[in-house]
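1. for reference, the sequence and a predicted model appear below.
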Protein chains: 2
Amino acid sequence: MSPEALKKHLQTLVPEHTFVADPEPLFTDQRRRYRSRNALALMPDSVENVQKIMRFCHEHRIPVTPQGGNTGLVGGSVAQGGVLLNLSRLNRVRRISLPDNAITVEAGCTLAQVQAAAQQIGRLFPLDLASAGSCQIGGNIACNAGGLNVLRYGTMRDLVLGLEVVLADGTLLSHLEPLHKNTTGYDIKHLFIGSEGTLGIITAAALKLFARPRQTATAWVGVRDIAQALDLLTSVRDAFAGRLLSCELLSRFALDLSARHSKIPQPLDAEWHLLLELDDSLPEPPLETALGEHLYAHGFADAVLAQSEAQRRDLWTLRENVSAAQRSLGVSIKHDIALPIERLADFVQNCGRRLAEALPAVQIVVFGHLGDGSLHYNTFLPDTLDNRAYQREDEINRLVYQQVLAHGGSIAAEHGIGRLKTAHLPSVRAPAEIALMRAIKAQLDPHGILNAGVLFA
Amino acid sequence: MSPEALKKHLQTLVPEHTFVADPEPLFTDQRRRYRSRNALALMPDSVENVQKIMRFCHEHRIPVTPQGGNTGLVGGSVAQGGVLLNLSRLNRVRRISLPDNAITVEAGCTLAQVQAAAQQIGRLFPLDLASAGSCQIGGNIACNAGGLNVLRYGTMRDLVLGLEVVLADGTLLSHLEPLHKNTTGYDIKHLFIGSEGTLGIITAAALKLFARPRQTATAWVGVRDIAQALDLLTSVRDAFAGRLLSCELLSRFALDLSARHSKIPQPLDAEWHLLLELDDSLPEPPLETALGEHLYAHGFADAVLAQSEAQRRDLWTLRENVSAAQRSLGVSIKHDIALPIERLADFVQNCGRRLAEALPAVQIVVFGHLGDGSLHYNTFLPDTLDNRAYQREDEINRLVYQQVLAHGGSIAAEHGIGRLKTAHLPSVRAPAEIALMRAIKAQLDPHGILNAGVLFA
């Protein structure tokens, strides 16, 4: 059905403001690699209207692509025909309960909005990503977002107490009570989390809140290799337990790029760099002192402890600017991967060697979240400052993913499979698992209208 | 097929020591309410032999009931014909990784064995239940066990990084790499967790480890009502964050019974009692001082802080002996329920009133894990010191579960549905969810051989 014909039908069901007047900004994905085609963009303002749209689309076999903040990196929210269902207008904070330490929000709330709502009542919602200002909770859940604080708080999956979901046929499933213990049959919630919009439209979620920090300690540490970094991570974890919030890793090359780009001096000279951040809900005694003593006792006398909020910001800027800084190297083939932490050093060494053998000019920028084993592993071919780099993409991906799998890792740590990686799914999931995934999909979405082309090839 | 005929067939496939010589102890459940009938008890010593048994049973449509430590309370591990598959011999610790903070163990390891293995390397495996010495990890996962430390560490579900599972047809699924970020399709692991043996045989798991505590502070606090208990819980959480390990609640009546039974003086006089425990990975400064100051500042000047390990043990004995102490009241109808914490006070009041109206002689013992909203809500009819109490079981259950649901709670917090509660499943899960559960079951176990009669009526 053409967008125009579709609109005529739907106009009898939902109010006129549901139809997006200028849909262009919604049609192109963040990295400009995918574009929606032949689609009608809708922005319903109530769960009931989402149900009406789904009932109609289910009955008439119209494809539906759910979309949140459209910040995904794997092409998961572009529509190929049918309806592009943007959830932005479902953006109310429905409920907060302090005894339950829980907040119930609608899917279209931005992550920053939820963080702010928690802060207003003196609590913390700990998920944090670079795109917090624009990404939305529904998308965070559908993609099982990760980010900076996974080491302590887990991924989005670990922060969800309950979901409200509109199924493909318009049925509403609602489990928003903040229950911490509930064992009544298969846990279906976890199917929707990370399903990338293929099983239902998430419309609201009950999320966990945490105590806010009242002091922070930030240190920059140089290490000679990843093995030494792991020893330090292990000892800091043992001593400080849940106080450890982040343990970020940068290669010398990544720091060089970022320091130049950021015009901030390098804190110290080393092969590998760690950015550690700890915080505490108790304001006393100073965590900085304890961390400094720990680092000194473990042989890191030259570690830099942030002495002010400005210095702390500088250290984080060095970490956060790696992505921007590496653009000077040309177009990158990025890999969003995770490894067992114990095998991370072997992976970096072996994968680097294989890449250099296959592509002698390759440059590799390695950085990421050491504390949870996820790496940004970005490769550059310096002679290609334009899109020609993508010509080698398949070859590079094959090589990197092969090494990831050989070291027991994941080829999609925190961005999902989307459209970009569907060809790789059979290499990471057993046939029995894919058969189960397809059976689940067939049961919940028998006409296959939800986000077709995503996840399954 | 009779047990004898079945044995003859299986003798050609697995070694003789697989057949349990004296199966009687495995055939009766913990509460002596259910008994295995007409079953052959097997104790395979390798994953490969589990696969062989499953392949045979799948092909010949032989029912299989998996069993761990047989400590369940809802009749989930009794066999009605076919094979009783006891996992006790799969009891190796396969692997420990300090950088990953992970331990990989086989399903038949007891919980205490895993706790001890973690302790040996200076780490903590935090799940803890009264039956730790005999319950097994496979059962803990299959039932999504809860226990004392859920407030900080979550239920078993939150502690699993990966699973190894033998499917009904003998296929082995293995995802034991300790990955903290992995978003490659639907998270099937979470289907097996809490599936009560109906979807596959869990043979091994990669589990999270944590830092061990180096100091503990324990306080007994009297409160006038549950609302005041919640205010205190909220303030302690806000101040001490992850240091709070347990927040247990006892009614005056529950403490009376336990103190008499335990021959330990009551720490203080109050309508309701809280047992708070905090710990810290840093040995200094003393947590006890900070907790004492917090309680004083919040108006609990008469709170009792344990001054010695002996006093701490006494306080915990008062909490732990409630179950044993209440036996003097006769046969109890127990309810393993969870509520949104915010609605717990209303539930206790409303449910108590309804019960008293229906059964004027009823006595109610209320205690449980306030910090995660789960209650042991046990009812007694004092004139029945024998099994006649069970005659009123349906009536009492109906009334209590109705109130639980009216207050947004769960009728199976940490013991599962088993055989005991199958009739109630349709009242807590929507038809679309049950249809999905059945589709998942049909895909993974097309002949319905796994733990038939459990979960689904």
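-> Perfect, thanks for sending it.

2. how many residues are close by the spatially closest residue to A:L420 that is not a sequence neighbour?
-> Take A:L420 and drop its neighbours on the chain: the residue closest to it by CB to CB, 6 or more residues apart in numbering or on different chains is A:V74, 4.1 Å away. C-beta here means a position set from N, CA and C on the backbone, and glycine is covered the same way. Counted by other CB atoms under 10 Å in any protein chain shown, the residues lying close to A:V74 total 25.

3. next, give phi and psi for A:V74.
-> Note on A:V74: backbone dihedrals following degrees, to the nearest 10 are phi -130, psi 20.

4. what's the pLDDT at it?
-> As predicted, A:V74 sits at a pLDDT of 90.

5. mind listing what it touches?
-> A:A412, A:H415, A:G416, A:I417, A:G418, A:R419, A:L420, A:K421 (CB atoms under 8 Å, 6 or more residues apart in numbering or on different chains).

6. with A:R89 instead?
-> A:R89 touches A:M43, A:P44, A:D45, A:G108, counting by CB under 8 Å, 6+ apart.

7. how far away is the first one from A:N49?
-> With the distance defined as CB to CB, to the nearest Å, A:M43 ends up 10 Å from A:N49.

8. lowest-confidence helix or strand of chain A?
-> One helix or strand of chain A scores below all others by mean pLDDT, DSSP states H and E: strand A:332-333, with a mean of 87.

9. let me know how buried the one residue in the stretch 51-200 of chain A that gets nearest to chain B is, in neighbour terms.
-> Closest contact between the stretch 51-200 of chain A and chain B, by CB to the nearest CB, is at A:H190 (3.5 Å). A count of nearby residues for A:H190, using other CB under 10 Å, gives 22.

10. the most centrally placed residue in chain A is in what secondary structure piece?
-> For chain A, the residue nearest the mean C-alpha position is A:A145 (3.2 Å; CA atoms, centre = their mean). Using DSSP states H and E, A:A145 falls within no helix or strand.

11. residues contacting it?
-> Contacts of A:A145 (CB under 8 Å, 6+ apart): A:L127, A:L129, A:C135, A:G139, A:T155, A:M156, A:E414.

12. hmm, 7 Å instead?
-> When contacts are counted by CB atoms under 7 Å, 6 or more residues apart in numbering or on different chains, A:A145 touches A:L127, A:L129, A:T155, A:M156, A:E414.

13. surely the third one meets B:K181?
-> Yes - because the distance of 6.0 Å satisfies CB atoms under 7 Å, A:T155 is recorded as touching B:K181.

14. can you pull the residues that touch both of the two?
-> Residues touching both A:T155 and B:K181 (CB under 7 Å, 6+ apart) are A:G146, A:E414.

15. ranges for the strands of the stretch 201-350 of chain A?
-> Assigned by DSSP state E, counting those that start in this stretch, the stretch 201-350 of chain A shows strands spanning A:201-208, A:210-211, A:215-223, A:244-251, A:272-280, A:304-305, A:332-333, A:336-338.

16. residues from the stretch 101-250 of chain A in reach of chain B?
-> Residues of the stretch 101-250 of chain A lying near chain B by CB under 7 Å from any CB of the partner chain: A:101, A:122, A:143-144, A:146, A:150, A:155, A:158, A:167, A:171, A:173, A:177-188, A:190-191, A:193-195, A:210-211, A:230, A:233-234, A:237-242.

17. whichever of the residues you listed end up buried, select them in ChimeraX.
-> To isolate in ChimeraX the members of those that are buried, counting by 16 or more other CB atoms under 10 Å in any protein chain shown, one can use:
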select /A:101,143,144,146,150,155,158,167,171,173,177,178,179,180,181,182,183,184,185,186,187,188,190,191,193,194,195,210,211,230,233,234,237,238,239,240,241,242
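
18. shaky segments in chain A?
-> For chain A, the stretches flagged by pLDDT under 70 are A:383-390.

19. quick one, domains of it?
-> A:3-86, A:95-211, A:215-323, A:330-414 (automatic domain parsing).

20. what's the most buried one of those?
-> Of those, the one with the most neighbours on average (mean count of other CB atoms under 10 Å in any protein chain shown) is domain A:95-211, at a mean of 23.

21. what about it, distance to the chain center?
-> 13 Å (CA atoms, centre = their mean, to the nearest Å).

22. give me the distance between the two termini of that domain.
-> 18 Å (CA to CA, to the nearest Å).

23. what does stretch A:191-207 give?
-> End residues of stretch A:191-207 are separated by 16 Å (CA to CA).

24. just checking, A:I364 touches A:P382?
-> No - contact criterion CB under 7 Å: A:I364 and A:P382 do not qualify, at 11.6 Å.

25. tell me who's in contact with the residue nearest to A:S195 when sequence neighbours are not counted.
-> Nearest residue to A:S195, sequence neighbours excluded (CB to CB, 6+ apart): B:Y186, at 5.8 Å. With contact set as CB under 7 Å, 6+ apart, B:Y186 has these partners: A:L191, A:G194, A:S195, A:M437, A:I440.

26. identify the contacts common to A:M43 and A:N49.
-> Common neighbours of A:M43 and A:N49 (criterion: CB under 7 Å, 6+ apart): A:T18.
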